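> 3D model of this:
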Amino acid sequence: MKKVTFLLVIFFLISFLSYAQNPDYDYGNNKNDIKGYSEFSPLTSATWTTLAVSPHAVSRSCCAAIKSGDTVFVFQFGGGASAQLTNVARYNSKTNTWTNNYSTMPAPISAGSAVALPGDSVIYVIGGNSGTSAYGICLKYNVIANTWTTMAIMPTSPCTDQLTVVYRDSLIFCVGGGDGLFNSSVVYNAVRIYNSKTNTWTMTTSLPTNLSMSGGGIWGDTIYVFCGVTGSGVYTANCYKGVINPTNLSQITWTTLPVYPSGSITRMASFVVVKNNSAGIMCSGGAISGGTLTNASNFWNFCTQSWQTLPNNSLARSNFKGTGLKDSIAYITAGYTTTGVGTFEKITFSLIDGNCLITSINNQSTVPDKYELLQNYPNPFNPITKIQYSIPKAEFVKLSVFDILGKEIDVLVNGNRLPGSYIIDFDASSLSSGVYFYKVTAGDYSDIKKMMLIK
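Modelled structure (predicted):
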């Protein structure tokens, strides 16, 4: 009996190490092989909070979020009609207030997309407006200077209503899209890549079908595309994932996912959220088959590779977007009921089902070559900060927080981890101001750093 038990232990150990040495760059295929994943994890849970109403109460606007210091700013761009198409409103999370007419875009944008590059200073707004017959407009917004630059226009299948995501800090993928009009046959399957460093566009593998007005997001090397319209009023609940070849960006491998649980939705709000060692894409609202408005919300869980139900948002509406900072909070603003509305709210995740190990930072999928514990950021902080560490091989990792007397007050990580770089949120809401320490132990490696909480 002892011999059988010993052989079983050796078998599982070899299996674990073999997987750790051969990570698959398709994050979505790894769930069943990840040793940290638990089928018995608590279900995903989240709560909606209604925030100050946007004064830019329009349909078909887009939005992006950045963080400066301890304040999140949400920018809402275009949509509506006439002067509204170039209007920019800005939300300040610290004061829970909006400033309307904060800036003016150099071109009208309706049903476009806005994405923030990593950092706190650059947002791109990409799309167009049917009233001007101008599509594929690319605008660069300098948040700090509050200035705009018109960049190279989308050269192939120029459109609006495309899914737009940021990859590897400086590349922007624009997936599908059309002319922004319902019942139109102008819908594309093209996937274009904009290089923000060179101001140039290239093409990559097209979607399996023409698709516009979709939701989705990106994680690691994988783009997720949910629902939309395929053309001439044909709506779909189909969902896809496309794995980018990180060594050849002109290649994406597309496969299908389970259909969206709330039906054939157009113009939903969606964004990636992360909580501890789990992540996924929040999806909310939209119009079923382009007509019936819904406030149903769902979550594509990267850990379980399945759809999960979220609480409904506060108002059934469509023609709006989601944004956030890829942390535990996502924002949705404005939209359409029978007219434009300024409803603005956030969803905060307290738990995300599973524990599938975040091994991708800023969409980079490389394995670190050394152990490292970085300084937390922001620092000083109030009340949430991020702690980043890296391990070059599979290890049992413990990450703890201590007070100035050396008492362990929180354990953030305590389990097996695959090779990778990890970012963990530390919430000190229940602690008082002062100096704290955090320590990581991984195999024979150990390091400790100091951080400052100021309330």
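> Okay, now the unreliable bits of the chain?
The chain contains residues with pLDDT under 70 at 1-42, 355-366, 416.
> try 50
1-41, 358-365 (pLDDT under 50).
> Got the domain ranges for it?
Domain assignment for the chain, taken from automatic domain parsing, gives 45-351, 367-453.
> for these, which one ends up most surrounded?
Of all those, domain 45-351 has the most neighbours on average by mean count of other CB atoms under 10 Å, namely a mean of 20. Just so you know, the C-beta spots here come from the backbone N, C-alpha and C atoms, and that holds for glycine as well.
> Quickly find the element holding F226.
Per DSSP states H and E, F226 falls inside strand 222-231.
> Oh, that last question was meant for Y436, not what I typed.
Under the criterion of DSSP H and E, Y436 resides in strand 434-442.
> Packing partners of that strand?
For strand 434-442, the elements it packs on are strand 384-391, strand 395-402, strand 408-417, strand 445-453, judged by 3 or more CB pairs under 8 Å, 6 or more residues apart in numbering; DSSP states H and E.
> Columns distance to M203 on top of the ones you listed, output as CSV?
Below are the helices and strands packed on strand 434-442 laid out as CSV (distance: least, CB to CB, whole Å):
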stretch, distance to M203
strand 384-391, 34
strand 395-402, 41
strand 408-417, 37
strand 445-453, 44
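> between the ones you listed, which gets nearest to F173?
Proximity of those to F173 was assessed by CB to CB; the nearest stretch is strand 384-391, lying at 25.1 Å.
> Would you mind putting the CA coordinates of the closest one into PDB?
Taking C-alpha atoms only, strand 384-391 is exported to PDB below (Å, rounded to 0.1, in the frame of the first residue of the first chain):
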ATOM      1  CA  ILE A 384      -5.800  49.800  -2.300                       C
ATOM      2  CA  THR A 385      -2.400  49.100  -3.700                       C
ATOM      3  CA  LYS A 386      -1.000  46.600  -6.100                       C
ATOM      4  CA  ILE A 387       1.800  44.200  -5.300                       C
ATOM      5  CA  GLN A 388       3.700  42.500  -8.100                       C
ATOM      6  CA  TYR A 389       6.000  39.500  -8.000                       C
ATOM      7  CA  SER A 390       7.600  37.100 -10.500                       C
ATOM      8  CA  ILE A 391       8.700  33.500 -10.300                       C
END
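> Output the contacting helices and strands for it.
Packing partners of strand 384-391 (3+ CB pairs under 8 Å, 6+ apart): strand 372-373, strand 395-402, strand 420-427, strand 434-442.
> Just send those back as a markdown table, with distance to C159 too.
As requested, the helices and strands packed on strand 384-391 are arranged in a markdown table below (distance: least, CB to CB, whole Å):
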| stretch | distance to C159 |
| --- | --- |
| strand 372-373 | 42 |
| strand 395-402 | 44 |
| strand 420-427 | 34 |
| strand 434-442 | 46 |
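> Could you pull out the strands in the stretch 151-300 of the chain for me?
163-167, 171-175, 191-195, 200-204, 215-219, 222-231, 234-244, 252-257, 265-266, 269-275, 278-284, 287-288, 292-293, 297-301 (DSSP state E, counting those that start in this stretch).
> Using JSON lines, lay out the ones you listed together with distance to E345.
Shown next, in JSON lines, are these (distance: least, CB to CB, whole Å):
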{"stretch": "strand 163-167", "distance to E345": "22"}
{"stretch": "strand 171-175", "distance to E345": "26"}
{"stretch": "strand 191-195", "distance to E345": "30"}
{"stretch": "strand 200-204", "distance to E345": "34"}
{"stretch": "strand 215-219", "distance to E345": "17"}
{"stretch": "strand 222-231", "distance to E345": "20"}
{"stretch": "strand 234-244", "distance to E345": "24"}
{"stretch": "strand 252-257", "distance to E345": "27"}
{"stretch": "strand 265-266", "distance to E345": "18"}
{"stretch": "strand 269-275", "distance to E345": "10"}
{"stretch": "strand 278-284", "distance to E345": "9"}
{"stretch": "strand 287-288", "distance to E345": "18"}
{"stretch": "strand 292-293", "distance to E345": "16"}
{"stretch": "strand 297-301", "distance to E345": "11"}
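> Between those strands, which one is closest to K455.
Nearest to K455, of all those, is strand 269-275, at 22.7 Å by CB to CB.
> The closest one versus strand 222-231: what angle between them?
Angle, strand 269-275 to strand 222-231, by axes from the mean of the first three to the mean of the last three CA atoms, to 10 degrees: 160 degrees.
> if I pick the closest residue in space to I153 that isn't next to it in sequence, what's in contact with it?
Spatial nearest neighbour of I153, excluding adjacent residues (CB to CB, 6 or more residues apart in numbering): G136 at 5.0 Å. G136 makes contact with I126, G127, G128, I153, M154, P155, S157, P158, C159, T160, according to CB atoms under 8 Å, 6 or more residues apart in numbering.
> ok, those vs N277, which is closest?
Relative to N277, and with distances defined as CB to CB, the nearest of these is I126, at 32.3 Å.
> element containing the closest one, please.
Taking DSSP H and E as the definition, I126 sits inside strand 122-129.
> Run me through the strand neighbours of the next helix or strand after that strand, direction for each.
Counting by DSSP H and E, the next helix or strand C-terminal to strand 122-129 is strand 134-142. Strand pairing for strand 134-142, determined by DSSP bridges: strand 122-129 (antiparallel), strand 147-150 (antiparallel).
> nearest to G177, of the ones you listed?
When the strands paired with strand 134-142 are compared by CB to CB, strand 122-129 sits nearest G177, at 8.0 Å.
> what sits against the residue nearest to the spatial centre of the chain?
Per CA atoms, centre = their mean, the C-alpha nearest to the average position across the chain is that of V272, at 2.6 Å. Taking CB under 8 Å, 6+ apart as the criterion, V272 is in contact with G217, I218, W219, A279, G280, I281, M282, G324, K326, A330.
> what do you get for T95?
Counted by CB under 8 Å, 6+ apart, T95 has zero contacts.
> Please determine how far it is located from W48.
Remark: distance between T95 and W48 (CB to CB, to the nearest Å) = 21 Å.
> A279 now?
Per CB to CB, A279 is found 19 Å from W48.
> same thing with C63?
Going from C63 to W48 by CB to CB gives 17 Å.
> before we move on, the earlier item: tell me the strands beside the strand holding Y436, with direction?
Using DSSP bridges, the strands paired with strand 434-442 are strand 395-402 (antiparallel), strand 445-453 (antiparallel).
> List the contacts of the shortest one.
Going back to what we said before, that points to strand 395-402. Defining contact as CB under 8 Å, 6+ apart, one finds that strand 395-402 is touched by 387, 389, 391, 408-417, 424, 426, 436-443, 445.
> just how off-centre is it within its chain?
26 Å (CA atoms, centre = their mean, to the nearest Å).
> Next: stretch 124-132.
Relative to the centre of its chain, stretch 124-132 is centred 22 Å away, using CA atoms, centre = their mean.
> where does Q84 land in three-state SS?
helix (DSSP: H, G, I helix; E, B strand; the rest coil).
> Once you drop chain neighbours, what's closest to S59?
Nearest non-adjacent residue to S59, counting by CB to CB, 6+ apart: Y336, 3.6 Å away.
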